[in-house]
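S.K.: here is a sequence together with a model predicted from it:
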Amino acid sequence: MAIAIMTSGGDCAGMNPAIKQFVDYCYTNEVQPYLIYDGLEGLIDGAIKAATYEDVAGIMHEGGTKIRSSRSKRFFEYEYRKQAFENLQKHGIDKIVILGGDGSFRALNQFHKDFGVNFVGIPATIDNDIYGTEYCLGVDTALNIIRQATDAVRDTSASFRRACVIETMGRDCGYLALVSAITCGAEICIIPELEYDLDSIGKRLKGELANGRKYIVCLVAEGCNKDKCISTPNLVRWLEEDIGIETRATILGHVQRGGNPTVFDRLMASEFVSYSIDKLLSDHKEGSVIVYKKSEFEFVSIEHVNSQKYKIREDLLELAKRLVN
């Protein structure tokens, strides 16, 4: 029996621990593990290799993905999916573990419908925007990187009596900015999911500055640059012109995807992968996604994951409402 693992879409910390656990756990269960390099593109091009312990030795602490990733337009065409299936057949592979987001899961689901290749999807995206799971692999590391950067920027802002606007990633989801604002003690949090009142925020900040506040920290989600709410440049302009405080912007960008995986991401990677392999070794016949809800793991269908748009928990949104008024 042979099972392959692949990473697809955006990379994140936690993928390498998952790959290592995959190889180790397969050998424990006397299953031959295979590595698919370069995501869906590699699957089409036949970049498939039988894995050994040496392939994954010493990667637990590394960010990114050793087997690399990609986004593939070719995979939407049947002829290339057929080519990918034939590549799997050469190695006797009929089961895949895929780490990625909902787009990657949809691609594999079509692959399953076409050729019957069973798979389990592991949610792996720092955006944490996959419906049906409270946690996606890589989120904890990204949050810690944002926390470290925000703490550092706060230090220099306090030294010069400045405001700092820190923009996080997350596509259209404000989860990273929201949690970072709460845990870093920010004064402002601007995300697509929360309505804000600049007049009210301005009145509050002016009062705080008059009473001795030395700096202002603002977390803003990148999705706010898409005409949903005030953009980072406009927020900087507003702080300088309306609030009257010198302001600097820091766009964190792809630094949030890298770095050494946290203990929590390493542990979750191991659990996600182990349960996924157990599922594939059972009588599992359909493509599914493993999710984490209320401190428990469960398997759901691709249709369930795609049935609704992810929403941030109301209790988290409630905690940040004081930062938008």
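M.R.: Done, it's in.
S.K.: rounded mean pLDDT for stretch 113-124, please.
M.R.: For stretch 113-124, mean pLDDT is 97.
S.K.: using CSV, write out every CA atom in it.
M.R.: Provided in CSV are the C-alpha atoms of stretch 113-124 (Å, rounded to 0.1, in the frame of the first residue of the first chain):
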residue,chain,number,x,y,z
LYS,A,113,-14.6,12.2,-9.0
ASP,A,114,-12.7,11.6,-12.2
PHE,A,115,-10.5,8.7,-11.1
GLY,A,116,-11.5,7.6,-7.6
VAL,A,117,-8.3,8.7,-5.9
ASN,A,118,-9.1,8.9,-2.2
PHE,A,119,-7.8,11.9,-0.2
VAL,A,120,-7.9,13.8,3.0
GLY,A,121,-7.4,17.5,3.1
ILE,A,122,-5.6,19.2,6.0
PRO,A,123,-6.5,22.9,6.4
ALA,A,124,-3.2,24.8,6.1
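S.K.: return the set of buried residues in it.
M.R.: 117, 118, 119, 120, 121, 122, 123, 124 (16 or more other C-beta atoms under 10 Å). The C-beta positions use only the backbone N, C-alpha and C, and glycine is treated the same way.
S.K.: secondary structure class for the third one?
M.R.: Secondary structure state of residue 119, per DSSP: H, G, I helix; E, B strand; the rest coil, is strand.
S.K.: and it, bridged to which residues?
M.R.: residue 96 (DSSP bridges).
S.K.: do you know how far it is from residue 246?
M.R.: Separation of residue 119 from residue 246 (C-beta to C-beta, to the nearest Å): 52 Å.
S.K.: would you turn the buried residues of stretch 113-124 into JSON lines with distance to residue 205?
M.R.: Below are those laid out as JSON lines (distance: C-beta to C-beta, whole Å):
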{"residue": "117", "distance to residue 205": "55"}
{"residue": "118", "distance to residue 205": "55"}
{"residue": "119", "distance to residue 205": "50"}
{"residue": "120", "distance to residue 205": "48"}
{"residue": "121", "distance to residue 205": "44"}
{"residue": "122", "distance to residue 205": "42"}
{"residue": "123", "distance to residue 205": "37"}
{"residue": "124", "distance to residue 205": "38"}
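S.K.: which SSE is the closest residue to residue 126 other than its chain neighbours in?
M.R.: Spatial nearest neighbour of residue 126, chain neighbours left out: residue 142 (3.9 Å); criterion: C-beta to C-beta, 6 or more residues apart in numbering. In the assignment (DSSP states H and E), residue 142 maps to helix 139-160.
S.K.: direction included, what does the helix or strand harbouring residue 299 pair against?
M.R.: Assigned by DSSP H and E, residue 299 falls within strand 296-301. Counting by DSSP bridges, the strands paired with strand 296-301 are strand 288-293 (antiparallel).
S.K.: what does the strand it pairs with contact?
M.R.: 105, 119-123, 130, 132-135, 268, 272, 275-276, 279, 297-302, 304-305 (C-beta atoms under 8 Å, 6 or more residues apart in numbering).
S.K.: and stretch 255-269, how far out from the chain middle?
M.R.: Offset of stretch 255-269 from its chain centre (C-alpha atoms, centre = their mean, to the nearest Å): 10 Å.
S.K.: now it - C-alpha only, CSV.
M.R.: C-alpha atoms of stretch 255-269 as CSV (Å, rounded to 0.1, in the frame of the first residue of the first chain):
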residue,chain,number,x,y,z
VAL,A,255,7.3,37.3,6.7
GLN,A,256,4.0,36.1,8.3
ARG,A,257,4.2,32.8,6.3
GLY,A,258,7.8,31.9,7.3
GLY,A,259,9.7,31.3,10.5
ASN,A,260,10.1,28.3,12.8
PRO,A,261,6.8,26.6,13.5
THR,A,262,5.5,27.1,17.1
VAL,A,263,5.1,24.1,19.4
PHE,A,264,1.3,24.3,18.9
ASP,A,265,1.6,24.2,15.1
ARG,A,266,4.0,21.3,15.3
LEU,A,267,1.7,19.4,17.6
MET,A,268,-1.4,20.1,15.4
ALA,A,269,0.6,19.0,12.3
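S.K.: buried ones in it?
M.R.: For stretch 255-269, by 16+ other C-beta under 10 Å, it's 256, 257, 259, 261, 262, 265, 266, 268, 269.
S.K.: quick one: mean pLDDT over that stretch.
M.R.: Mean predicted confidence for stretch 255-269 is 97.
S.K.: helices along the chain, start to end?
M.R.: 15-28, 39-45, 53-56, 78-91, 102-115, 139-160, 175-184, 198-210, 232-238, 263-281, 302-305, 314-320 (DSSP state H).
S.K.: isn't residue 222 right next to residue 166, touching?
M.R.: No: when contacts are counted by C-beta atoms under 8 Å, residue 222 is not listed as touching residue 166 (11.0 Å).
S.K.: and the buried residues of stretch 113-124, which is closest to residue 204?
M.R.: Of all the buried residues of stretch 113-124, residue 204 sits closest to residue 123, with 37.0 Å by C-beta to C-beta.
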